[in-house]
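Colleague: Here's my sequence, what's the structure:
(one chain, ligands or ions: 1)
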Amino acid sequence: MAEFFLPLQTRKTSNPEKNDKMPEKKNVLPQLHLELIPMRLVIHNMLTCNVKTCQTNNFPLKIVASAIDYVESEYNHEYIVNLLPKLEWNALVEAAKDVNANIPSTFPENPSEEFLRNLYKLLHNVHIIEGSLKCPNCHRQFPITRGIPNMLLNENEI
Ligand SMILES: [Zn+2]
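Modeller: You can find the predicted model right below:
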């Protein structure tokens with residue numbers, strides 16, 4: 001039986017995204033740029049080290065988090081179903097460890113709705129607020145400040 005463990009506590013925070021005036025987000029994938037802030041695991045799953053000389057083993061970036069927030073949001077089944085084929089599961093397993101969550105090492109053949117709901121929480125509701133992303137190859141660290149990862153390179157890295 002696959003286990004899915006989210007030890008993170010729900011914390012009430014003022015979340016500007018929950019503003020009712022915001023248009024409802026549908027078909028999330030084409031709008032992923034809107035999801036960049038704050039730093040979520042769904043974004044982490046797509047980030048590689050972009051230093052020019054760093055071409056192999058540059059994924060997944062290790063999450064070194066000093067502040068993690070958990071912000072409840074309404075489950076979006078379509079979001080998860082659309083995302084599944086694009087998800088790098090092994091990278092997510094590593095990312096989950098980095099944020100003290102635990103997911104099965106392989107994706108279950110017939111995931112239950114509960115599993116998908118937990119997956120949604122992990123991908124979307126966990127926000128890395130402070131810390132850094134570290135390249136497993138060149139060890140370059142990309143800082144995360146107030147939920148925003150800074151992937152900008154120095155001139156000698158381009
Ligand atoms: Zn690198």
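Colleague: what's the longest helix in the protein?
Modeller: For the chain, the helix that runs over the most residues, judged by DSSP state H, is helix 89-98.
Colleague: could you point out which element follows it?
Modeller: helix 113-120 (DSSP states H and E).
Colleague: and that next one, which residues are buried?
Modeller: Buried residues in helix 113-120, defined by neighbour count with 16 or more other CB atoms under 10 Å: Phe115, Leu116, Arg117, Asn118, Leu119, Tyr120. For glycine as for every other residue, the C-beta is placed from the backbone atoms N, C-alpha and C.
Colleague: Counting by contacts, list what that helix packs against.
Modeller: When contacts are defined as 3 or more CB pairs under 8 Å, 6 or more residues apart in numbering; DSSP states H and E, helix 113-120 packs onto helix 77-83.
Colleague: how about the helix it packs on: buried residues?
Modeller: Here helix 77-83 shows Tyr79, Ile80, Leu83 as buried, counting by 16+ other CB under 10 Å.
Colleague: Need those in a markdown table (columns: distance to the ion and pLDDT).
Modeller: Putting those into a markdown table (distance: CB to the ion, whole Å; pLDDT from 0 to 100) gives the following:
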| residue | distance to the ion | pLDDT |
| --- | --- | --- |
| Tyr79 | 29 | 93 |
| Ile80 | 30 | 95 |
| Leu83 | 25 | 94 |
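Colleague: This completes my enquiry, with thanks.
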